[in-house]
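A.B. asks: next one to model:
(one chain, ligands or ions: 1)
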Amino acid sequence: MTSTIDPTSGTPTASDCRDGETACGGCGISRRTFLGRSAAVGAVGVVATVGLTGCTGDLQAEASAPSRHPGGSPARALPAGDLPVGSQASVSIEGRTLLLHRESEDTVRAFSAKCTHQGCTVAPDQDRGRPTFACPCHGSHFDVTTGVPYGGPAQKPLTEFTATVDDDMVMVRI
Ligand code: FES
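C.D. replies: So this is what the prediction gives:
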């Protein structure tokens, strides 16, 4: 398995990318993996330096995602009865897709569904029998209670929103 640099664009490529995919996440090869491979190749700093340049857009996408939304007016997400304790849901509020996790009767966690890797829409799923928020694009998974990524190329947590349960309604400040 090799990682190389396209001499015309300076973009890293990977020989194990599938058709139609690109390196730096497009084929599931994260920049961590790419840089790890670059370092392993030992072709010295030049390879790693160019690898960083090729992934600049990826790095900027992650760096621009805030970890917590500043909050705003409370908006109705869904009736609390539609989100039993321990369950997850995806809701659309005022043009945003949000992921909800009901921790307890009184506690709901809410996260942006925008993947912190390259912006695909994350959705509730199961991972080895446990609930997860999963990205369909490159396989990142996020913890449903914290939004912290595990597995896949995403490194930053999903942006968290403030959620409450008021009068049997889940409310999110957006
Ligand atoms: S956009 Fe790449 S893992 Fe989500």
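
A.B. asks: enumerate the residues of this protein near the ligand.
C.D. replies: By CB under 6 Å from any ligand atom, the residues of the chain that approach the ligand are 25, 115, 117-120, 135, 137-138, 140, 152-154. Placement of C-beta: from N, CA and C, glycine included.

A.B. asks: need the strands for this structure, in chain order.
C.D. replies: Applying DSSP state E to the chain gives strands spanning 3-5, 12-14, 74-79, 88-93, 96-102, 108-112, 123-127, 130-134, 141-142, 149-150, 160-161, 163-166, 169-173.

A.B. asks: packing partners for the fourth one?
C.D. replies: The reference is to strand 88-93. With contacts taken as 3 or more CB pairs under 8 Å, 6 or more residues apart in numbering; DSSP states H and E, strand 88-93 sits against strand 74-79, strand 96-102, strand 123-127.

A.B. asks: and the gap between residue 91 and the ligand?
C.D. replies: Taken as CB to the nearest ligand atom, to the nearest Å, the spacing of residue 91 relative to the ligand amounts to 19 Å.

A.B. asks: correction: the previous question concerned residue 157.
C.D. replies: Distance of residue 157 to the ligand, given as CB to the nearest ligand atom: 13 Å.

A.B. asks: make sure that residue is actually in contact with residue 145.
C.D. replies: No: counting by CB atoms under 8 Å, residue 157 sits too far from residue 145 to count as a contact (11.1 Å).

A.B. asks: how is the protein partitioned into domains?
C.D. replies: According to automatic domain parsing, the chain comprises the domains 3-63, 74-173.

A.B. asks: and those domains, which one averages the lowest pLDDT?
C.D. replies: The weakest mean pLDDT among the domains of the chain belongs to domain 3-63, with a mean of 37.

A.B. asks: hang on, the earlier thing: and the buried ones among the residues of the chain next to the ligand, selectable in ChimeraX?
C.D. replies: Per 16 or more other CB atoms under 10 Å, the buried members of these correspond to this ChimeraX selection:
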select :25,115,117,118,135,137,138,140,152,153,154
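
A.B. asks: ok, which pair from the residues of the chain next to the ligand is furthest apart?
C.D. replies: Between any two of these, the greatest separation by CB to CB is 13.8 Å, found for 119 and 152.

A.B. asks: TSV please, covering the strands of the chain and showing mean neighbour count.
C.D. replies: As requested, those are exported to TSV (neighbours: other CB atoms under 10 Å):
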stretch	mean neighbour count
strand 3-5	19
strand 12-14	21
strand 74-79	16
strand 88-93	16
strand 96-102	21
strand 108-112	24
strand 123-127	14
strand 130-134	18
strand 141-142	24
strand 149-150	18
strand 160-161	22
strand 163-166	16
strand 169-173	20
